[in-house]
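> Output the structure for:
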Amino acid sequence: MIEAFPFDEAPPYLIRDRDGVYGDYFQDRVDSMGIDQVPTAPRSPWQNPYCERVIGSIRRECLDHVIVLDERHLKRILCAYFEYYHTSRTHLSLERNSPVPQEVEPPSRGHVIATAQVGGMHHRYSRVA
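Sure, this is the predicted structure:
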């Protein structure tokens, strides 16, 4: 936790499940950083659906398709995936747009080209004149 938030940028709350991995040492560290812990109710996976959903998307759409060689390689893959996720991937909750909104490109703008993203795993389609 200290390495994740090294410059007094810690969030005010930490929502976590009740896994045994969060032992006394971890909880003491989080408390010393001034973070309020909010454990989910026992046996209630529905309480953390957003985290579960994004982790599942990362696994299904990215990590299930590559062999990770080392930590640096993993970070490079994840950075490329997050760039794709926020700028190109459509989200149903955003009316089939990405978190960084894209404008509608009419056919008059030219033909469609595909731009490879995430090492060719995904593509972004746009029109060019």
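> Can you list the buried residues in the top helix by length along the chain?
Using DSSP state H, we find that the single longest helix of the chain is helix 71-87. Within helix 71-87, the residues that count as buried by 16 or more other Cβ atoms under 10 Å are 77-78, 80-81, 84-85. The C-beta positions use only the backbone N, C-alpha and C, and glycine is treated the same way.
> mind listing the helices for the chain?
Using DSSP H, the helices of the chain run over 24-32, 49-61, 71-87.
> dump the residue contacts of the residue located most distally from the centre of the chain.
For the chain, the residue at maximal distance from the C-alpha centroid (Cα atoms, centre = their mean) is residue 108, at 34.5 Å. Listed by Cβ atoms under 8 Å, 6 or more residues apart in numbering, the contact set of residue 108 is empty.
> Tell me where the model's unsure across this structure.
Within the chain, the segments meeting pLDDT under 70 span 45.
> Could you rerun that using 90?
Along the chain, segments meeting pLDDT under 90 span 1-11, 13-23, 33, 38-56, 88-106, 108-109, 119-121, 124-126, 128-129.
> In space, what's closest to residue 10 - neighbours in sequence excluded?
residue 33 (4.8 Å; Cβ to Cβ, 6 or more residues apart in numbering).
> which ones are touching the one you found?
1-2, 5, 10.
> Just the buried residues of the residues you listed.
Buried among the contacts of residue 33 by 16+ other Cβ under 10 Å: residue 10.
> Same list (the contacts of residue 33) but as TSV, adding distance to residue 29.
Formatted as TSV, the contacts of residue 33 follow (distance: Cβ to Cβ, whole Å):
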residue	distance to residue 29
1	5
2	7
5	11
10	11
